[in-house]
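In: 3D, please:
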Amino acid sequence: MRQEETGISERGEPDPGQAAPPVRALFMTSIPSPYQVDLFTLLAKQPGVDIHVFFCGDTRSDRSFDVPEQYPFPATVLPSHVVKGMPHDWHKVQGLKQQLLRTLPIDIAVLGGYAIPAIRQLHSLLRQEGIPWYLWGEGHEKKQRSALLSHVKTWYLQRFLRSCAGIWGIGRLACRDYAKLVPLGTEVLNIPYSPNLSHLLHPSKSVSKQAESLRGDWDIPDPIVLLFSGRLSPRKAPDLLVDAFLALAPRFPRLRLQFAGDGPLESGLRAKISAAGLMQRVRWLGFVQQESLSAAYLSSNLFVLPTRGHEGWGVVVQEAMAARLPVLVSDRVGAGADLIRNSRVGAIFAANDLPALTTTIERFVSQPEQLSDMGKDARETVAMFDCSVNAELIADVLRRHSPKLNSKSHSPSAGASRDVNTKTNQNQQAMRKNTP
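Out: Residues are numbered from 1 along each chain as shown. Predicted coordinates:
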């Protein structure tokens, strides 16, 4: 191959007169969730970046969504199985090394987590091949642990992360947690989940019509509608929301509640609401796909996510804000720290605290005439977190690992792996305004 085709001089050094070849980036993530597919689709269109995505599986037992027959970017759904007796996303892959060899050469890899066996497998292979890698993860403090278990986990993560090129924390809280674990000077960037919000920022006529129909089907002409979107499970705490609703319903006759989701708590929640004689004021939408979920957002006035367990981020918070809803979330929802920066867009309350939740909802529904203006502020805030913004930010970071900039395509310079690129850091500050 001629020198002008490779951009490499006869001595094997990058030729400054040639344009940098695209950086070849490998991503590994658990499943093809819709917001990840949207982001990878846009990232694949960024100049100077070639991506390939490894999905550990095509779905999870507790999550159902439409999976495309063909992805609009290079992707491989790995042949995997869930480790017996472990959580539903603990995939282990057979033949991962062969899959990796078929994907080489790679300049940089991005691991979507640290716990599941498939990612640990790839982590080991990347180190063997000398390929630099980033961790892209939610905060690791997911539940209360004994002092001994916390110490063991901290020791494990410090060993796991000591060879990383940097951290992409999913939100300010994750960045804060990981910054304590990595060597001093390691790059830590705030790159949260970023769904495509265009269908909510600019809803179609059919979605708007469906939303009008949903709102018109209530038993009164101008209800104040609370929305919960998520799995009806103990971790998400829909039971806490029902208790708060039952406490407020007698004093707020316009108050209504709708659930978008299903799960093990549904029958018990229905029984409790029925016993209170309020079934006509509660709507059960079940699990819905994107268009119907968009209509549910647009037909509501206030979004509530009372999670009592760990919620590393919470994409539904972004979706609700894009639909012009003020959002009320517990302090266990990671997105709250980034998105709810003032009382004009929502509020954060103590998790698993019924009086705190009830008081917070009451404060907002007591001023229904202001909910619309609050929703406009929420929409403006969340527009900065659209996936198009993150695609550009991620591409900026990845392009630093172009083989043109590194004499060895697998090994960026020490400075590149530790120092925050000035332009990227400025972009991040302008977009996020929430450096941890």
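
In: How confident is the prediction for the spatially most central residue of the chain, by pLDDT?
Out: For the chain, residue 193 is the residue whose C-alpha lies nearest the centre (Cα atoms, centre = their mean; 3.1 Å). Residue 193 is assigned a predicted lDDT (pLDDT) of 92.

In: And for residue 86?
Out: pLDDT, residue 86: 58.

In: just the one 3 residues further on next, same as before
Out: If you check residue 89, the pLDDT there is 58.

In: Same check on the one 5 residues further on?
Out: The model reports residue 94 with a pLDDT of 81.

In: Give the closest residue to it in space, chain neighbours not counted.
Out: Spatial nearest neighbour of residue 94, chain neighbours left out: residue 79 (5.8 Å); criterion: Cβ to Cβ, 6 or more residues apart in numbering. Yep, even glycine has a C-beta here, placed from its N, CA and C like the rest.

In: quick one, what contacts that neighbour?
Out: Neighbour list for residue 79: 93-95 [criterion: Cβ atoms under 8 Å, 6 or more residues apart in numbering].

In: Any of those buried? List them.
Out: Among the contacts of residue 79, those classed as buried by 16 or more other Cβ atoms under 10 Å are residue 93.

In: SS state for the residue nearest to the centre of the chain?
Out: coil (DSSP: H, G, I helix; E, B strand; the rest coil).

In: contacting residues for it?
Out: 35-36, 170, 313, 315, 318.

In: Ranking by neighbours, what's the top pick from those?
Out: residue 318 (28 neighbours; other Cβ atoms under 10 Å).

In: Low-confidence ranges, this structure, go.
Out: Applying pLDDT under 70 to the chain flags residues 1-19, 59-67, 81-91, 141-145, 404-436.

In: where exactly do the strands run in the stretch 151-300 of the chain?
Out: Assigned by DSSP state E, counting those that start in this stretch, the strands in the stretch 151-300 of the chain fall at 166-169, 187-190, 224-229, 255-260, 282-286.

In: Relative to residue 379, how far out is residue 386?
Out: 11 Å (Cβ to Cβ, to the nearest Å).

In: what about the two, which has more around it?
Out: When neighbours are counted by other Cβ under 10 Å, residue 386 and residue 379 differ, and residue 386 comes out ahead with 21 against 18.

In: Next, give phi and psi for the residue lying closest to that one once chain neighbours are set aside.
Out: Spatial nearest neighbour of residue 386, excluding adjacent residues (Cβ to Cβ, 6+ apart): residue 197 at 5.1 Å. The phi and psi values for residue 197, taken as degrees, to the nearest 10, are phi -100, psi 10.

In: Common neighbours of residue 386 and residue 379, please.
Out: Counting by Cβ under 8 Å, 6+ apart, the common neighbours of residue 386 and residue 379 are residue 201.

In: rewinding a little: neighbours of the residue nearest to residue 386, how many?
Out: 23.

In: Distance check, it against residue 272.
Out: 34 Å.

In: Same check on residue 385?
Out: 35 Å.

In: next one: residue 353
Out: Using Cβ to Cβ, residue 353 is found at 19 Å from residue 272.

In: Give me the neighbour count for residue 210.
Out: 19.

In: With adjacent residues omitted, what lies nearest to it?
Out: Of all residues beyond its chain neighbours, the one nearest residue 210 is residue 295 (3.8 Å), with distances taken as Cβ to Cβ, 6+ apart.

In: For the one you found, which residues are in contact?
Out: Contact analysis of residue 295 by Cβ under 8 Å, 6+ apart lists 207, 210-211, 213-214.

In: Apply the buried test to the residues you listed and list what passes.
Out: 207, 210-211, 214.

In: In helices, which of these appear?
Out: Per DSSP state H, helices hold the following members of the buried ones among the contacts of residue 295: 207, 210-211, 214.

In: circling back: out of the contacts of residue 193, which sit inside strands?
Out: Counting by DSSP state E, no part of these is found in strands.

In: and those residues, which two are the farthest apart?
Out: Greatest spatial distance in the contacts of residue 193: 36 and 318, 13.7 Å, computed using Cβ to Cβ.

In: What is the nearest of the buried ones among the contacts of residue 295 to residue 163?
Out: Of all the buried ones among the contacts of residue 295, residue 163 sits closest to residue 207, with 46.1 Å by Cβ to Cβ.

In: Residues contacting whichever strand or helix holds residue 378, please?
Out: Per DSSP states H and E, residue 378 falls inside helix 368-382. Applying Cβ under 8 Å, 6+ apart, the contact partners of helix 368-382 are 197, 201, 224, 254, 301-302, 318, 320-327, 339, 341, 344-346, 364.

In: go with 7 Å
Out: With contacts defined as Cβ atoms under 7 Å, 6 or more residues apart in numbering, helix 368-382 is touched by 197, 201, 224, 301-302, 318, 321-322, 324-327, 339, 344-346, 364.

In: Please apply the same query to stretch 300-308.
Out: Contacts of stretch 300-308 (Cβ under 7 Å, 6+ apart): 224-228, 230, 235-237, 240-241, 258, 314, 316-317, 320, 325-330, 332-333, 351-352, 357, 361, 364-365, 371.

In: quick one: the residue nearest to residue 94 and residue 265, what's the gap?
Out: Using Cβ to Cβ, we find residue 79 at a distance of 34 Å from residue 265.

In: Same check on residue 215?
Out: According to Cβ to Cβ, residue 215 stands 26 Å off from residue 265.

In: what about residue 249, how many neighbours?
Out: Residue 249 is flanked by 19 other residues according to other Cβ under 10 Å.

In: Just list the residues touching it, thanks.
Out: Neighbouring residues of residue 249 by Cβ under 7 Å, 6+ apart: 255, 278, 281.

In: one step back: which ones among the contacts of helix 368-382 lie within strands?
Out: Among the contacts of helix 368-382, the members found in strands (DSSP E) are 224, 302, 327, 346.

In: Which of the contacts of residue 193 sits closest to residue 153?
Out: residue 170 (17.9 Å).

In: Surely the closest one and residue 140 touch.
Out: No. Residue 170 lies out of contact with residue 140 (Cβ atoms under 7 Å); the separation is 10.8 Å.

In: Now do the helices in the stretch 101-250 of the chain.
Out: Counting by DSSP state H, counting those that start in this stretch, one finds helices in the stretch 101-250 of the chain at the ranges 117-129, 147-161, 172-179, 198-201, 205-216, 238-248.

In: what about those helices, which gets the closest to residue 26?
Out: Nearest to residue 26 among the helices of the stretch 101-250 of the chain is helix 117-129 (8.4 Å), distances taken as Cβ to Cβ.

In: For the closest one, buried residues please.
Out: So, applying 16+ other Cβ under 10 Å, buried residues of helix 117-129: 117-119, 121-123, 125-126.

In: picking up where we left off before, would JSON lines of the helices of the stretch 101-250 of the chain with distance to residue 187 be doable?
Out: Output for these, formatted as JSON lines (distance: least, Cβ to Cβ, whole Å):
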{"stretch": "helix 117-129", "distance to residue 187": "17"}
{"stretch": "helix 147-161", "distance to residue 187": "12"}
{"stretch": "helix 172-179", "distance to residue 187": "10"}
{"stretch": "helix 198-201", "distance to residue 187": "30"}
{"stretch": "helix 205-216", "distance to residue 187": "40"}
{"stretch": "helix 238-248", "distance to residue 187": "39"}
